[in-house]
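Undergrad: kindly return the folded structure for what I paste below:
(chains A and B)
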2 protein chains.
Amino acid sequence: MNFADLVAKNRSYRRFDQQWEISPETLRELVGLARLTPSGRNMQSLRFFLSREPLLNEMIFSCLGWAGYLKDWPGPEPGERPSAYIVLVHDTSFPGGYFCDDGIVLQTLLLGAVERGLGGCILGSVKKDALRAILSLSERYEILYVLALGKPVEEVRIEPMEGGDIRYWRDGQGVHHVPKRDVDELIIS
Amino acid sequence: MNFADLVAKNRSYRRFDQQWEISPETLRELVGLARLTPSGRNMQSLRFFLSREPLLNEMIFSCLGWAGYLKDWPGPEPGERPSAYIVLVHDTSFPGGYFCDDGIVLQTLLLGAVERGLGGCILGSVKKDALRAILSLSERYEILYVLALGKPVEEVRIEPMEGGDIRYWRDGQGVHHVPKRDVDELIIS
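TA: Coordinates of the predicted model:
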């Protein structure tokens, strides 16, 4: 798959075939990709907590908020939940911040997942105190994002943005539509 | 090129064949890739200032700090400077922040460049007030990073990290070496 196709296929998927198992090797390979990414001052201070066990997955799920613009949808039902999570944390024992390493590694993890026939969603709405307790995470680690991963069972379509309305929507057939700004709006020179 | 090879080939390059021209179409294609990336709350509030004209490039260059760990190297000499820049800014007229969109789009731009035989470096050491004046940028735009792009003329090698020393170095043959942490150090579960 060429890179443009990979980027286009990497949508934010929120419904999955929960029976689909993601192996420990696959998660480790994804972290291996993240390892090779640019890092501010080469500090490499982000860390990855991996979960693929159903019970732990359910506990992580209980800490997550899904799809803010779909007001009537509380998130994926049992059977359509992620098969794995990667919790991205910052090791605050390193000096200075992590610059934009968070987005760099998350996009890399997602693109690596898509190449493997998987997909996911970056979740920023996270009950961090509850999640810290569930994972028995040291205070040294600041929770940044949770990356949900699985075998997508939904279709997501890019749409031209109309009138500046950024809200995605789901149609009667369950297809998820995401408005994106035109390239001309993004370039300011 | 498979994705793992693309990620491995995407090193932070700081010396280029300055004669190599990057077309306006190529820069526009790269922004077209960034357009399709995940965005926090789908806000898409980042914008891209493109430069490929030699005179403007030189003015942008004057605002940049290069390679903090190479104390005796002030940055690329004439002839080895970038052919183009993408200045990443945040349009602060949109409510809320930009989450990790910065890293997401920068890594996507870089990977797209590498697929095209180019390469680049994310620069966070930027004289932002001077750059704002040079670009006649409205106060509405917050400068985040400058992405330098060109045809790399240096070799960059990944090395195992020894004793936690994160500093990259350049050897007598001009090869740039970058220590990266082992996957086992990155995984905390």
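Undergrad: beta partners for the spatially most central residue of chain A?
TA: Central residue check for chain A by C-alpha atoms, centre = their mean: the C-alpha nearest the mean position is that of A:Ile122, 2.5 Å away. In this structure, A:Ile122 bridges to A:Leu147 when assessed by DSSP bridges.
Undergrad: what's the burial count for the closest residue to A:Ala34 other than its chain neighbours?
TA: Distances taken as C-beta to C-beta, 6 or more residues apart in numbering or on different chains place A:Val105 nearest to A:Ala34, at 4.2 Å, with adjacent residues excluded. Bear in mind the C-beta positions are built from the backbone N, C-alpha and C, glycine included. A count of neighbours around A:Val105, defined by other C-beta atoms under 10 Å in any protein chain shown, yields 32.
Undergrad: can you name the residues that contact A:Val105?
TA: Residues counted as contacts of A:Val105 (C-beta atoms under 8 Å, 6 or more residues apart in numbering or on different chains) are A:Ala34, A:Thr37, A:Leu46, A:Leu88, B:Gly103.
Undergrad: residues contacting the residue lying closest to A:Glu80 once chain neighbours are set aside?
TA: Nearest residue to A:Glu80, sequence neighbours excluded (C-beta to C-beta, 6+ apart): A:Arg15, at 4.4 Å. Contact criterion C-beta under 8 Å, 6+ apart gives A:Pro76, A:Glu80, A:Pro152, A:Val153, A:Glu154 as the residues in contact with A:Arg15.
Undergrad: same thing but at 6 Å, please
TA: With contacts defined as C-beta atoms under 6 Å, 6 or more residues apart in numbering or on different chains, A:Arg15 is in contact with A:Pro76, A:Glu80, A:Val153, A:Glu154.
Undergrad: same check on A:Val146?
TA: Applying C-beta under 6 Å, 6+ apart to A:Val146 gives the contacts A:Tyr85, A:Val87, A:Leu123, A:Val126.
Undergrad: mind listing the strands for chain A?
TA: If DSSP state E is used as the criterion, the strands of chain A fall at A:46-51, A:84-91, A:119-123, A:141-150, A:156-160, A:169-170, A:176-180.
Undergrad: now those as CSV including mean pLDDT and distance to B:Trp66?
TA: Putting the strands of chain A into CSV (pLDDT from 0 to 100; distance: least, C-beta to C-beta, whole Å) gives the following:
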stretch, mean pLDDT, distance to B:Trp66
strand A:46-51, 98, 24
strand A:84-91, 98, 26
strand A:119-123, 98, 31
strand A:141-150, 98, 28
strand A:156-160, 98, 37
strand A:169-170, 96, 45
strand A:176-180, 98, 34
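Undergrad: can you tell me how far A:Val175 is from chain B?
TA: Taking C-beta to the nearest C-beta, to the nearest Å as the criterion, A:Val175 is separated from chain B by 16 Å.
Undergrad: my read: that residue touches A:Glu155, true?
TA: Yes - applying C-beta atoms under 6 Å as the test, A:Val175 and A:Glu155 come out as touching, 4.8 Å apart.
Undergrad: what is the burial count for the residue in chain A positioned nearest to chain B?
TA: As assessed by C-beta to the nearest C-beta, chain B sits closest to A:Gly103 within chain A, at 2.4 Å. Under the neighbour criterion other C-beta under 10 Å, A:Gly103 is assigned a count of 26.
Undergrad: surely it touches B:Ile104?
TA: Yes - contact status for A:Gly103 versus B:Ile104: in contact at 3.9 Å, counting by C-beta under 6 Å.
Undergrad: re earlier: buried subset of the contacts of A:Arg15?
TA: A:Pro76, A:Glu80, A:Val153, A:Glu154 (16 or more other C-beta atoms under 10 Å in any protein chain shown).
Undergrad: next, the contact list for the first one, please.
TA: Right, the one you point to is A:Pro76. Taking C-beta under 6 Å, 6+ apart as the criterion, A:Pro76 is in contact with A:Arg14, A:Arg15.
Undergrad: and it, how far from A:Gly65?
TA: 12 Å (C-beta to C-beta, to the nearest Å).
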